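[1] Predicted model and sequence follow; I will ask about them next.
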Amino acid sequence: MSTHIGAKPGEIAERVLMPGDPLRAKWIAETFLEGATCYSTVRNMFGFTGTYQGVRVSVQGSGMGMPSASIYTHELINEYGVNTLIRVGSCGAITEDIGLRDVIAAIGASTDSNMNRFRFDGLVDYAPVADFALLRSAVDAAEARGIPMRVGPVFAADAFYIEKEGFYDRLADYGVLAVEMETAALYTIAARYRARALTILTVSDQLRTLQHASADERQQTFSQMVEVALDAVIS
Ligand SMILES: O=P(O)(O)O[C@H]1O[C@H](CO)[C@@H](O)[C@H]1O
Ligand SMILES: O=c1cc[nH]c(=O)[nH]1
């Protein structure tokens, strides 16, 4: 086992879906994987391995925010040999042309996290980006399933509750589609250790119109996001 994951060597697949919510990991494993078994309950951050269309796939909760997601990303890659990670998360849309329940693939992530400034001694504003082949596979999968999916940049925020007048407007001015809390760290760590990473998100909150998805709506459209992610992760 690693410091934060209770799996034995070989229990985690090379391909992993990573939701923030550990109960979403359980739901994905029970709903979409065959023969799924739980390999870790450490900190209740559940992880499961099963098969999807005959291919071994794991689902690991990452927790909320970049410090937590960094731990799981680092250990999955470096302690368990994971080479492909797709985050399946929720997000807040910051442009009015994106609706509740829409699916977004993150081509890159800006952030207010200080992690990369620390990493590069404050001299570089590193640009964390998605793996192109995974992104292309996700786009192909969404098209094949008839699921509309926007592709664009997101903002990975340190804080969920931001009291900064006009901040989302300014991000939207620069083309940012949505706000979430993990992708900059995921893309950076995957790049560092030569793994492939992608984030796919479902809009749970429309931050312009202040609409919020109901629990049922979230579950239904999370299904679309997960189907696209599973098709891409086994590609
Ligand atoms: O739904 P998940 O994957 O947790 O993602 C989003 O939801 C959490 C905030 O509610 C943050 O982790 C954010 O990134
Ligand atoms: O980080 C997040 C996730 C969902 N909704 C938000 O507004 N922010």
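    Noted; the coordinates are in hand. Not measured: the values here are computed from a predicted model. Ligands and ions are numbered 1, 2, ... in the order given.
[2] ok, stretch 59-78 near ligand 2 or not?
    No - judged by CB under 6 Å from any ligand atom, stretch 59-78 and ligand 2 are separated, with a smallest distance of 8.0 Å. In short, each C-beta sits where N, CA and C put it, glycine included.
[3] mind listing what's buried in that stretch?
    Taking 16 or more other CB atoms under 10 Å as the basis for neighbour counts, the residues of stretch 59-78 that come out buried are 59-63, 65-66, 68-77.
[4] Let's see which of these end up in helices.
    Where the buried residues of stretch 59-78 overlap with helices, as defined by DSSP state H, the overlap consists of 66, 68-77.
[5] okay if I get those residues as TSV plus pLDDT?
    Putting those into TSV (pLDDT from 0 to 100) gives the following:
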residue	pLDDT
66	98
68	98
69	98
70	98
71	98
72	98
73	98
74	98
75	98
76	98
77	98
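[6] Could you measure from the most centrally placed residue in the chain over to ligand 2?
    Within the chain, the residue whose C-alpha comes closest to the C-alpha centroid is residue 87; the distance, by CA atoms, centre = their mean, is 2.1 Å. Distance from residue 87 to ligand 2, counting by CB to the nearest ligand atom, to the nearest Å: 12 Å.
[7] and what of residue 24?
    13 Å.
[8] That residue contacts residue 88, correct?
    Yes - using CB atoms under 8 Å as the test, residue 24 is close enough to residue 88 to be in contact (7.4 Å).
[9] higher neighbour count, the two?
    More crowded of residue 24 and residue 88, by other CB atoms under 10 Å: residue 88, with 26 against 22.
[10] A strand includes the more buried one, no?
    Yes - under the criterion used here (DSSP: H, G, I helix; E, B strand; the rest coil), residue 88 sits inside a strand.
[11] Chain neighbours aside, what residue packs nearest to the residue nearest to the centre of the chain?
    Of all residues beyond its chain neighbours, the one nearest residue 87 is residue 199 (4.2 Å), with distances taken as CB to CB, 6 or more residues apart in numbering.
[12] Am I right that that neighbour is in a strand?
    Yes - secondary structure of residue 199, determined by three-state DSSP: located in a strand.
[13] how close does it sit to residue 10?
    In this structure, residue 199 lies at 27 Å from residue 10, with CB to CB, to the nearest Å as the measure.
[14] who's more crowded, the two?
    Looking at residue 199 and residue 10 with other CB under 10 Å, you find the greater number of neighbours at residue 199, namely 31 against 10.
[15] which other residues reach stretch 209-219?
    Applying CB atoms under 8 Å, 6 or more residues apart in numbering, the contact partners of stretch 209-219 are 27, 90, 96, 100-101, 202-206, 221.
[16] again, 10 Å this time
    Surrounding stretch 209-219, the residues in contact under the criterion CB atoms under 10 Å, 6 or more residues apart in numbering are 24, 27, 31, 90, 92-93, 96, 99-101, 202-206, 220-222.
[17] Which single residue of the protein ends up nearest ligand 2?
    Using CB to the nearest ligand atom, the point where the chain gets nearest to ligand 2 is residue 92, with a distance of 2.5 Å.
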